[in-house]
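K.L.:
A predicted structure for the sequence below; I have some questions about it.
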Amino acid sequence: MSTVQLAADVGQFTTVGVTTAGFALGLALLGTEHYRWYRGSAAPAAAVGGKGKGGPPAAAGGRSLDPKAMIAYWFGMVCGILMVACPGGLANMVSEFFRWAGNGIGGLGMSWLTGQNGTQLAQGGAPHIDGFGAVLVTALFLALIMLRKTVPKAVRGKWWKGVFTSCLLCITTGTAALIAGVVVSGANDLARMIMDAAVNGTPT
């Protein structure tokens, strides 16, 4: 049985919601990144035989989707969800800024393209990290800050895109909110197990 007790202030989940225009921008980012992944997965055609040698015709190129190419983006989405789930903290403030910016950018695009303005979307339930999850999130983001110089710029860019995407999508109702809830609950449970193992030597 766990004897580790950590308290966490639930507070307000978020004060900046997402509009239909911001949500559209998030969907566009999500679709664009996965389309680029799909397009980049085309396998090159096999080389034709050497000069002066009648080699067989080149084989048709297939597709080989390599998940490693999307790890940075997907990891960024997970981090974005955890940022949203940190009520009252700096991470949540950054996620609010991303939503504010996304609503503005998406609103300009929607207004120019359609002549319509974005409207506020219904907000989903408020999953939040507990005291155990706070330990894991703090360690995770401190490690990311300390390692930022060792990560290639392209990888950092994909990570930030993932963060921005999930900050726009994960607080709505529906599938995105369900995924966010699973991520936050999983982070809390994992952190509790690690803390119990580290403190008591008996993971639960």
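P.N.:
Arrived safely. Numbers count the residues shown, from 1 in each chain.
K.L.:
OK, contacts around Met70?
P.N.:
Glu33, His34, Trp37, Lys158 (Cβ atoms under 8 Å, 6 or more residues apart in numbering). To be clear about C-beta, it is placed using only N, CA and C from the backbone, and glycine gets the same treatment.
K.L.:
likewise Thr165?
P.N.:
Residues in contact with Thr165 (Cβ under 8 Å, 6+ apart) are Gly26, Leu29, Leu30, Glu33, Tyr73, Gly76, Met77, Gly80.
K.L.:
Near the residue lying closest to the last one once chain neighbours are set aside, how many other residues are there?
P.N.:
Among residues not flanking Gly80 along the chain, Ser166 sits closest, at 3.3 Å (Cβ to Cβ, 6 or more residues apart in numbering). When neighbours are counted by other Cβ atoms under 10 Å, Ser166 registers 30.
K.L.:
try the one 5 residues further on
P.N.:
When neighbours are defined as other Cβ under 10 Å, Ile171 has 28 of them.
K.L.:
was I right about it contacting Gln120?
P.N.:
No. At 11.4 Å, Ile171 does not count as touching Gln120 under the criterion of Cβ atoms under 8 Å.
K.L.:
where are the low-confidence patches of this structure?
P.N.:
Along the chain, segments meeting pLDDT under 70 span 1-15, 41-63, 124-127, 202-204.
K.L.:
which residues touch the residue nearest to the spatial centre of it?
P.N.:
The centroid of the chain falls nearest to Met77 when counting by Cα atoms, centre = their mean (0.3 Å). By Cβ under 8 Å, 6+ apart, the contact list for Met77 reads Gly162, Val163, Thr165, Ser166.
K.L.:
so it is in which element?
P.N.:
Element membership for Met77 (DSSP states H and E) is helix 71-84.
K.L.:
got the buried residues for whichever helix or strand comes after that helix?
P.N.:
As assigned by DSSP H and E, the chain's next helix or strand after helix 71-84 is helix 90-114. Residues Ala91, Asn92, Val94, Ser95, Glu96, Phe98, Arg99, Gly102, Asn103, Gly106, Gly107, Met110 are the ones in helix 90-114 that count as buried (16 or more other Cβ atoms under 10 Å).
K.L.:
Isn't the first one up against Met83?
P.N.:
Yes. In terms of Cβ under 8 Å, Ala91 counts as a neighbour of Met83; the distance is 4.1 Å.
K.L.:
so how far is stretch 161-168 from its chain's centroid?
P.N.:
Distance of stretch 161-168 from its chain centroid, counting by Cα atoms, centre = their mean, to the nearest Å, is 5 Å.
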